[in-house]
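Q: Kindly generate the corresponding structure for this input.
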Amino acid sequence: MKRYKVEKQTAYYHLMSRTVNGEAWFGDREREVLRKMIWQVAEFSGIRVVTYAVMKNHFHLLVDVPSGDTEVSDAELVRRYRRLYPKPTPWQPMRAEVLAKTLAEDSSDAAVIRRDLVRRMHDVSWLMKTLKQRFSLWFNRSRDRFGPLWSERFKSVLVEGDRWALRTVAAYIDLNAVRAGIVEDPKDYRFCGYGEAIGGGRMARAGLLIVDRDLAGYRQTLYGAGAGEKSEKESIDREEALRVLAEKGKLPLSVLLRCRIRYFTDGMVIGSADFVDAHVKADPTERRRPRRAHAMEGADWGDLSVGTGLRKDLFS
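A: You can find the predicted model right below:
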């Protein structure tokens, strides 16, 4: 049996995309369809979802792109293909059984098909493009509408593969529904990784085990170590947060994570200063002032830095 290597480096990304004009088009049905598509497309591409949040007008993903030299057998290609295309489609009419037979023949056609399928593995851009296109087609057909659904390509922030960095970004994502005032506890929101994991979702639980050894430990990040009182779980409004920061003060991390913070969507890179510097200094873009790591402000973020300071309009 032939095996083909997918040559990629290990990397974690926070990905986010929003609807046109921020229109709140997604009800329970739409969010459930998008949730299922996330797992479907990610499994085909070999990219692991650490956690996610599907909201009424946008979605977030924290993903793990596996390391290089990952082997993909013909049998695995067929399994992933069947996951993505359980039934023939106008743009992919070949059945999985036909694919398996073609690959087994090992002809020149089989080599072309293998190359095309492997090219789509471990590719964040392909993942987001396919996910958004698939959902757009379903959404427009279900609403008898046409035209664009998403407002932009997508936002991407590279995250260091350190547990603290991953845990902080994951918590920010899982707290989306709390931030929006939909629920008081993310465990009660079934369209996020933490809520799905608490509800028994095997893949969601496996993803969050990347950031902590158990969900109880991760919950301390969501609410602060030892948090249990309701007052510690409440959000703070934007004006109050700005007042505290203007006075050079700091907020508890569990409180600040309940604010919409541009570090997580526009910070370019999140991690230790050395990690951030290594990536932003490798950016070939010509600038008067070379990019550098900026320590994250407003809370005790540990040693986390970002690739751009965002001194103005920190809160989106």
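Q: Can you give the contact residues for the helix or strand harbouring residue 178?
A: Using DSSP states H and E, residue 178 sits within helix 176-179. The contact list for helix 176-179, computed with Cβ atoms under 8 Å, 6 or more residues apart in numbering, reads 53, 55, 60, 183-186, 189, 191-192, 195, 235, 258-260. No exception for glycine: its C-beta is placed from N, CA and C like everyone else's.
Q: Of those residues, keep whichever come out buried.
A: 53, 55, 60, 183, 185-186, 189, 191-192, 195, 235, 258-259 (16 or more other Cβ atoms under 10 Å).
Q: now that we're looking at residue 84, how far away is residue 294 from it?
A: Look at residue 84 and residue 294: by Cβ to Cβ, to the nearest Å, they are 40 Å apart.
Q: And residue 189, by the same measure?
A: Residue 189 is 31 Å from residue 294, by Cβ to Cβ.
Q: same thing with residue 131?
A: For residue 131 relative to residue 294 (Cβ to Cβ), the value is 31 Å.
Q: Between the two, which is the more surrounded one?
A: Applying other Cβ atoms under 10 Å to residue 131 and residue 294 shows that residue 131 carries more neighbours, namely 22 against 18.
Q: quick check, the more buried one in a strand?
A: No: when DSSP: H, G, I helix; E, B strand; the rest coil is applied, residue 131 is found to be helix, with no strand at that position.
Q: which one of the contacts of helix 176-179 is nearest residue 145?
A: Within the set of those, residue 55 lies nearest residue 145; the separation is 20.0 Å, counting by Cβ to Cβ.
Q: OK, contacts around that closest one?
A: 26, 31, 176-177, 180, 191.
Q: From the residues you listed, list just the buried residues.
A: 26, 31, 176-177, 191.
Q: Going along the chain, name the strands of the stretch 201-316 of the chain.
A: 269-271, 294-295, 305-306 (DSSP state E, counting those that start in this stretch).
Q: Got the confidence number for the residue most central in space within the chain?
A: When Cα atoms, centre = their mean is applied to the chain, the residue found nearest the centroid is residue 61 (1.5 Å). On pLDDT, residue 61 comes in at 98.
Q: three-state assignment of it?
A: strand.
Q: hang on, it packs against residue 49?
A: Yes: if you go by Cβ atoms under 8 Å, residue 61 and residue 49 touch, sitting 6.3 Å apart.
Q: and for these two, which residues touch both?
A: In contact with both residue 61 and residue 49: residue 38, using Cβ under 8 Å, 6+ apart.
Q: element containing the closest residue to residue 210 other than its chain neighbours, please.
A: Nearest residue to residue 210 in three dimensions, chain neighbours excluded: residue 50, at 5.3 Å (Cβ to Cβ, 6 or more residues apart in numbering). Under the criterion of DSSP H and E, residue 50 resides in strand 48-54.
Q: And for that strand, what's in contact with it?
A: Against strand 48-54 from outside (Cβ under 8 Å, 6+ apart): 12, 26, 31, 34-35, 38-39, 42, 59-64, 66, 166, 170, 173-174, 176-177, 189, 191-194, 203-204, 206-208, 210-211.
Q: Mind giving me the ChimeraX command for buried ones among these?
A: Only the buried members of the contacts of strand 48-54 end up in this ChimeraX selection, burial being decided by 16+ other Cβ under 10 Å:
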select :12,26,31,34,35,38,39,42,59,60,61,62,63,64,66,166,170,173,174,176,177,189,191,192,193,194,204,207,208,210,211
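Q: Give me the subset of the contacts of strand 48-54 that lies in helices.
A: Mapping those onto helices (DSSP state H) picks out 31, 34-35, 38-39, 42, 166, 170, 173-174, 176-177, 193-194, 203-204, 206-208.
Q: what's the distance between residue 86 and residue 166?
A: For residue 86, the distance to residue 166 - Cβ to Cβ - is 32 Å.
Q: May I ask which of the buried ones among the contacts of helix 176-179 comes out lowest in pLDDT?
A: residue 235 (58).
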